[in-house]
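Visitor: Below are the sequence and a predicted model for it; my questions follow.
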Amino acid sequence: QVRLVESGGGLVQAGGSLRLSCVGSGEIQSINTMAWYRQPPGKQHERELVATITSSGDINYRDSSKGRFTISRDNTKNAGYLQMNSLKPEDTGVYYCQAKIVRLRFSGQFDVWGQGTQVTVSS
């Protein structure tokens, strides 16, 4: 079994910073692309892509995240991170880590999601 566990969310004032972490565990052979998504408040079935990072380090950001957020990863720890600076109230939501994981003894890759971590930015 493979799991992703996020941490680092919380309540912060506008202009503040948070660092989210996502750590994979279980029978992981390798992790390909990792991504962070935000679920806006009150929108249970909607998740917007915030940033992605490939195993080779190629990065893409949602326009609203550029210049404020930094995605990174540590392949030796099966971990990914999202540094969020200059936070705005509209950044509020549940942040999910998602990764394409190659499992031991399985061919192909699987989409795995974390349980989410709440980020609340007050004005």
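Guide: Received, thanks. Numbers count the residues shown, from 1 in each chain.
Visitor: wouldn't Leu49 be in contact with Thr33 here?
Guide: No - using Cβ atoms under 8 Å, Leu49 makes no contact with Thr33, being 11.1 Å away. Glycine gets a C-beta too; all of them are placed from N, C-alpha and C.
Visitor: tell me the contacts of the nearest residue to Ala51 once chain neighbours are set aside?
Guide: Distances taken as Cβ to Cβ, 6 or more residues apart in numbering put Ile71 closest to Ala51, at 4.1 Å, once the chain neighbours are dropped. Going by Cβ atoms under 8 Å, 6 or more residues apart in numbering, Ile71 touches Met34, Trp36, Ala51, Thr52, Ile53, Ile59, Tyr61, Gly80, Tyr81, Leu82, Gln83.
Visitor: quick one: contacts for Val121?
Guide: Here Val121 is in contact with Leu11, Val12, Gln13, Ala14, Gly16, Leu87, Lys88, Pro89, Glu90, Asp91, Thr92 (criterion: Cβ under 8 Å, 6+ apart).
Visitor: Near the last one, how many other residues are there?
Guide: Other residues lying near Thr92 total 19 when counted by other Cβ atoms under 10 Å.
Visitor: so it sits right up against Met84, yeah?
Guide: No - between Thr92 and Met84 there is no contact under Cβ under 8 Å: 11.3 Å.
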